[in-house]
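> Fold the following.
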Amino acid sequence: MARRPPRVFVCTSCEAQSPRWIGRCPECGAWNTYVEEEGGPAGTPAAPGRGAAPVRLRDVDAADAPRLLTGLGDVDRVLGGGLVPGSVVLLGGEPGIGKSTLLLQVASRLAATAGDVLYVSAEESARQVRLRAERLGALADRLFLLPETSVDRILETAESSRPAALVVDSVQTVASAGLPSPAGSVSQVRDAAARLSVLAKTAGVPLFLVGHVTKDGSLAGPKTLEHLVDAVLSFEGERFQAHRVLRALKNRFGPVHELALFEMTGAGLVGVANPSSLYLGSRAGSRPGSAVLAAMEGTRPMLLEVQALNVEVKWGTPRRTAIGFDGTRLALLLAVLERHGGLGLSGHDVFLNFAGGAESAEPAADLAVVAAVASSARGTALPLRTVVFGEVGLLGEVRAVTDAPLRLKEALALGFTEAILPSANAHEAAAFPDLSAVPVASVEELLRRA
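Below you'll find the model as predicted:
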């Protein structure tokens, strides 16, 4: 009688193992992340190049590999200039956000310029993909579709056809017949990603993998999935808004935290040439509680509107709510305003929002947040056509930030005439004589001058 494989429970967050199910992972502290894997997690195939003789580091060819252009300029910029041969790109996002639409457009344009492209659809039927391709105008002659969920057959087809690029939609829905666990389990996802990555590296074929996300927005599956790939892209957006954001969270061949904006239309995703106009398009004049931040997203300058609302508390504990900004950072800035700016905010609810669904996590947003909150508390609007940027310290000082010339150039191009910036960056504003610079060294000086 055959012996039943041992039961092993694996944490989908950190891959810790346990002989029984437990609610909270003792390694990473995550809740309800343990799933059963029969026979334990599968091993990872050996990486290409094992057994090769060592070479001198100085003898390694350092010439840049030629990149494949996807045909979408914004995607190429996020990737660092295009696709590197043999690179593995993981694209994650909410269901229905447009991941398949984006990759189908990329695959079609690659097929028109680079050669045969193999698009593996493991979630949708061939008819569904055909209907979407007709709507997007993506019926390229050299774009081949493979509706398949078997990793073995996908590898066999790719090895025989040797396409210029390979797309697998999605890695959670393909499975290997050699593993007893179902598709989407930790061992299946790890095994599929590793085997497909080996093919990409050995054959020099760029590989796109579509990944699911969890309820908290992080990529589903084992953490090794993110370490196996060369780039991790996040496709984000709101269901009630037409624009989508593509971010680079990891990139071995280019800058991280690069960003591209698209607008979802009936004919597919269209790149937004001027993101600042997208977020500032409905802004009519200057009102109390509003400030315009000159932000940097990757290498791209962008103007975002920060809105703040102060409401006197009638009962209970004052609330501090932030949308598009870190709530802990907001509480810190409010304490600085109260201590060094003399504003009594302890008896007020404070609500902060970045208009248009925008987000900013850079320290340069501090001064714009402080200006918006102070403007709302005093009931006084900032001067019209004014941008603000700068980092605020715990002692109330305003610190210098990077890329000040790019921020000022973007503001000037959109018709802004004044910039409130750190004193340490004031000398960089001299190159823009048409833009009036208001340097501030502290929060007290900001409240006095603005």
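> From now on I want contacts and neighbour counts done on CA atoms only, so please keep to that.
Will do.
> Spell out the residue ranges of the helices in the stretch 151-300 of the chain.
Taking DSSP state H, counting those that start in this stretch to define them, one finds helices in the stretch 151-300 of the chain at 151-161, 186-203, 224-228, 275-280.
> Centroid-nearest residue for this protein?
By Cα atoms, centre = their mean, the chain has its centre lying nearest to R247, at 2.9 Å.
> Which of the helices of the stretch 151-300 of the chain sits closest to A63?
helix 186-203 (17.4 Å; Cα to Cα).
> name the helices or strands packed onto the closest one?
Counting by 3 or more Cα pairs under 8 Å, 6 or more residues apart in numbering; DSSP states H and E, the packing neighbours recorded for helix 186-203 are helix 151-161, strand 207-211, helix 224-228.
> avg pLDDT for the second one?
Okay, so that is strand 207-211. Averaged over strand 207-211, pLDDT sits at 95.
> outside of stretch 323-333, which residues touch it?
With contact meaning Cα atoms under 8 Å, 6 or more residues apart in numbering, stretch 323-333 is reached by 320-322, 352-354, 357-361, 366, 369-370, 392, 394.
> Dump the helices of the stretch 151-300 of the chain into JSON lines; add mean pLDDT and mean neighbour count as well.
Converted to JSON lines, these look like this (pLDDT from 0 to 100; neighbours: other Cα atoms under 10 Å):
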{"stretch": "helix 151-161", "mean pLDDT": "95", "mean neighbour count": "15"}
{"stretch": "helix 186-203", "mean pLDDT": "92", "mean neighbour count": "23"}
{"stretch": "helix 224-228", "mean pLDDT": "84", "mean neighbour count": "17"}
{"stretch": "helix 275-280", "mean pLDDT": "79", "mean neighbour count": "17"}
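> Let's have those helices in TSV, adding distance to G23.
Below are the helices of the stretch 151-300 of the chain laid out as TSV (distance: least, Cα to Cα, whole Å):
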stretch	distance to G23
helix 151-161	32
helix 186-203	17
helix 224-228	22
helix 275-280	42
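> Now for the chain, the helix or strand with the poorest mean pLDDT.
For the chain, using mean pLDDT, DSSP states H and E, the weakest element among its helices and strands is strand 34-38, scoring a mean of 74.
> who are the neighbours in contact with R252?
R252 makes contacts with D230, A231, as judged by Cα under 8 Å, 6+ apart.
> Show me the shaky parts of the protein.
Within the chain, the ranges that satisfy pLDDT under 70 run 1-6, 38-52, 62, 64, 215-217, 220-222, 239-240, 281-285.
> Outline the domain layout of it.
Domain segmentation of the chain under automatic domain parsing yields 7-38, 67-273, 278-449.
> and of these, who's closest to R58?
So among the domains of the chain, domain 67-273 is nearest, using Cα to Cα, at 19.9 Å.
> what's the span of the closest one, first residue to last?
23 Å (Cα to Cα, to the nearest Å).
> can you check stretch 386-402 too?
End-to-end span of stretch 386-402 (Cα to Cα): 19 Å.
> Which residue ranges of the stretch 351-450 of the chain form strands?
Per DSSP state E, counting those that start in this stretch, the stretch 351-450 of the chain carries strands over the ranges 386-388, 391-392, 398-399, 418-422, 436-440.
> List the residues that contact L118.
L143, F144, L145, L146, A158, P163, A165, L166, V167.
> Now with 7 Å, please.
Neighbouring residues of L118 by Cα atoms under 7 Å, 6 or more residues apart in numbering: L143, F144, L145, P163, A165, L166, V167.
> tell me what the longest strand along the chain is packed against?
Secondary structure of the chain per DSSP state E: the longest strand is strand 300-312. Strand 300-312 sits against helix 275-280, strand 290-297, strand 348-354, helix 366-378, helix 404-413, with contacts defined as 3 or more Cα pairs under 7 Å, 6 or more residues apart in numbering; DSSP states H and E.
> so which of these gets nearest V189?
Shortest separation from V189 across the helices and strands packed on strand 300-312 is recorded for strand 290-297, at 31.5 Å, computed as Cα to Cα.
> re earlier: of all the helices of the stretch 151-300 of the chain, which one is nearest V174?
By Cα to Cα (comparing all of these), the closest turns out to be helix 151-161, at 6.0 Å.
> follow-up on the earlier one: next secondary structure element downstream of the least confident helix or strand of the chain?
Downstream of strand 34-38, the next assigned helix or strand under DSSP states H and E is helix 73-78.
> which residues are contacting that following helix?
By Cα under 7 Å, 6+ apart, helix 73-78 touches L69, T70, G82, R247, A248, E258, L259, A260, G271.
> wait, what's in contact with the first one?
L69 makes contact with D76, G82, L83 under the criterion Cα under 7 Å, 6+ apart.
> So what does it have for phi and psi?
Backbone torsions of L69, given as degrees, to the nearest 10, read phi -80, psi 130.
> how close does it get to D230?
From L69 to D230 the distance is 17 Å (Cα to Cα).
> these two touch, right, L337 and L343?
Yes: the criterion here is Cα atoms under 7 Å, and L337 meets it with L343 at 6.1 Å.
> So which of these two has more stuff around it?
L337 (23 against 17; other Cα atoms under 10 Å).
> Checking the more buried one next. Helix, strand or coil?
Under DSSP: H, G, I helix; E, B strand; the rest coil, L337 falls in the helix class.
> from the contacts of stretch 323-333, which single one is nearest A308?
Using Cα to Cα, the contacts of stretch 323-333 come closest to A308 at L352, 4.5 Å.
> Please enumerate residues in contact with stretch 83-101?
With Cα under 7 Å, 6+ apart as the criterion, stretch 83-101 contacts 65-69, 197, 200-201, 203-213, 219, 229-237, 268.
> Could you rerun that using 6 Å?
67-68, 200-201, 204-213, 229-235 (Cα atoms under 6 Å, 6 or more residues apart in numbering).
> Find the nearest non-adjacent residue to N251, please.
Counting by Cα to Cα, 6 or more residues apart in numbering, A231 is the residue found nearest to N251 once chain neighbours are left out, at 4.2 Å.
> Also T149?
V174 (4.4 Å).
> what about that neighbour, neighbour count?
27.
> For it, grab phi and psi.
phi -100, psi 150.
> Please list all residues in contact with it.
V174 neighbours (Cα under 6 Å, 6+ apart): T149, S150, A183.
> re the thing from before, can you pick the most crowded of the contacts of L69?
For the contacts of L69, the largest neighbour count, defined by other Cα under 10 Å, is 23 neighbours, found at L83.
> Against N251, how distant is it?
According to Cα to Cα, L83 stands 11 Å off from N251.
> do the same with A374
39 Å.
> and what of A429?
32 Å.
> what do you get for D349?
D349 sits 40 Å away from N251, taking Cα to Cα as the criterion.
> same thing with P95?
P95 is 23 Å from N251, by Cα to Cα.
> Then F389?
27 Å.
> before we move on, what about E236?
17 Å.
> Please apply the same query to Q241.
Counting by Cα to Cα, the gap from Q241 to N251 is 28 Å.
> Run a quick neighbour tally on V60.
Neighbour count of V60, defined by other Cα under 10 Å: 8.
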